[in-house]
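>>> predicted model and sequence follow; I will ask about them next.
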Amino acid sequence: VSDVIVVGGGLIGCSAAWRLAQRGRTVTILDRGFAPASRAGAGMLAPGGEVEGDSPWALRSVESRRLYPAFVEELREETGLEIDFRACGAIELAYSEHEWTERIARAAAQRPLGIPASPIAPAELRELAPGLDAAGLAGAMLYPEDAIVDPVQVLDALQTACRRRGVEFGGAAVRVDGEDGAVQTETGVLRAETVVLAAGAWSGDLLDGAPKSFPVKGHLIGYQLRPASLRPIVRCGHTYILQRSSGFTIAGSTTQRAGFDARVDAGVVERLHRRSRRYLPGLLKLGPDASWVGFRPAVDGGEPRVGQYGDTRVWLAYGHYRNGILLAPVTSRLLADAIAK
Ligand code: GLY
């Protein structure tokens, strides 16, 4: 019998389990074993690209970005595993005066929240991102603190760190009972003092009355390119392109309400490639080498649900939507502070 059962073994569930285990709690993670949303993510740690205005989670996303270097370093120290984290900054492009006016207004609204940004001169832009289509550009904004991480490496390190601290892994949960901390699995019922529900888009269906969750499908494409051929994130609105240290370059994404339909649509892939090549014609010359989809965990209202569910033994930890990878350090700290005071 564990003190805590964490339902969901993605970045949110594993990071919460790790922090709780560090504080001496016995923890079991229940998961089907794949964590598809965490594995699909591009790994943008980019409040500059995601925050629209002031809200508690906007501030938490800025804080979580600041926690990331220490979070990654601690994981490296505990596991000896490599994690590709780069504070590479992001360039936000605008191809019309209207878009540029919008970018300036957005940056002005973000600055007081702790997200710095400044316009970049064309010469600096060419140096930062060779291969960029500078023709027709109305302006470009540099977000120096946006960063990237490889979420698969973070997940692998979290699982290793959890195992080293005695966290057990079991099969998927099929039902959570808030009153008595019971979790039904495919093979039986487990009980714990506390249950953390961190099963992403699947969460709402596991607990009666819980806030509804649903997947927002995103297509991503990948190119095998020369390492260091793209340093910063390049983005225009919600199209983004980033490169891992290996040279693997990822472009995203789409937002589709299609349920848990995991099919890759060739037409969507082609459009995403054309959109991305428009910004980086010097780099993305050929079609992508890979394509895949992810399911962003959304909830009505848009803000993550993290906190105790009424006065039950269940703590909710889902609904991170576009920012689950970014928000793992702050969410796991919030949960550990509240559950293991
Ligand atoms: N955070 C980027 C995305 O969800 O597409």
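Happy to help now that I have it.
>>> so D261 touches V216, yeah?
No. With contact defined as Cβ atoms under 8 Å, D261 does not reach V216; the gap is 11.7 Å. Placement of C-beta: from N, CA and C, glycine included.
>>> so these two - more neighbours on which side?
V216 (18 against 11; other Cβ atoms under 10 Å).
>>> what's near enough to touch the more buried one?
V216 is in contact with 201, 255-257, 295-296, 298, 321, counting by Cβ atoms under 8 Å, 6 or more residues apart in numbering.
>>> among these, name the buried ones.
Buried by 16 or more other Cβ atoms under 10 Å: 201, 256, 295-296, 298, 321, out of these.
>>> show me what from the stretch 151-300 of the chain comes close to the ligand.
Contacts of the stretch 151-300 of the chain with the ligand, taken as Cβ under 6 Å from any ligand atom, map to 218, 252-253, 296.
>>> just give me the closest of these to I12.
R296 (12.5 Å; Cβ to Cβ).
>>> quick one: residues contacting the closest one.
Contacts of R296 (Cβ under 8 Å, 6+ apart): 37, 201, 215-218, 255, 321-322, 324.
>>> sort out for me which of the residues you listed are in helices.
37, 324 (DSSP state H).
>>> any idea which of the contacts of R296 is closest to H98?
Taking those together and measuring to H98 by Cβ to Cβ, the closest member is T255, at 21.7 Å.
>>> was I right to think the closest one contacts H219?
No. Taking contacts as Cβ under 8 Å, T255 lies outside contact range of H219: 9.6 Å.
>>> next one: the strand of greatest length in the chain to chain centre, how far?
As assigned by DSSP state E, the longest strand anywhere in the chain is strand 213-224. Computed by Cα atoms, centre = their mean, to the nearest Å, the separation of strand 213-224 from the middle of its chain amounts to 11 Å.
>>> what does the helix or strand following that strand rub up against?
Note on strand 213-224: by DSSP states H and E, the next helix or strand toward the C-terminus is strand 233-236. Contacts of strand 233-236 with the rest of the structure, by Cβ under 8 Å, 6+ apart, involve 44, 46, 49, 88-95, 99, 129, 132, 146, 148, 240-242, 279-280.
>>> not counting sequence-adjacent ones, nearest residue to A172?
R32 (4.3 Å; Cβ to Cβ, 6 or more residues apart in numbering).
>>> hang on, the earlier thing: and the two most separated of the residues of the stretch 151-300 of the chain next to the ligand?
Across these (Cβ to Cβ), the longest gap, 10.7 Å, separates G252 and R296.
>>> who touches both of these two?
G218.
>>> partner residues bridging the residue lying closest to E102 once chain neighbours are set aside?
With sequence-adjacent residues excluded and distances taken as Cβ to Cβ, 6+ apart, E102 is closest to A94, at 7.4 Å. Applying DSSP bridges to A94 gives these bridge partners: G139.
>>> ok, A94 - contacts?
Taking Cβ under 8 Å, 6+ apart, one finds 100, 102-103, 137-141, 236 in contact with A94.
>>> model confidence for it, exactly?
Here, the pLDDT recorded for A94 equals 95.
>>> check D133 too.
pLDDT, D133: 85.
>>> show the pLDDT at the spatially closest residue to it that is not a sequence neighbour.
Spatial nearest neighbour of D133, chain neighbours left out: P281 (5.2 Å); criterion: Cβ to Cβ, 6+ apart. At P281, the predicted lDDT confidence score is 94.
>>> roughly how far does P281 sit from G131?
7 Å (Cβ to Cβ, to the nearest Å).
>>> so for those two, which sits in the more crowded spot?
For P281 versus G131, neighbours defined as other Cβ under 10 Å are more numerous around G131 (16 against 13).
>>> circling back to that earlier point, could you identify the most distant pair in the buried ones among the contacts of V216?
Every pair of these checked by Cβ to Cβ; the farthest is Q256 and Y321, at 13.6 Å.
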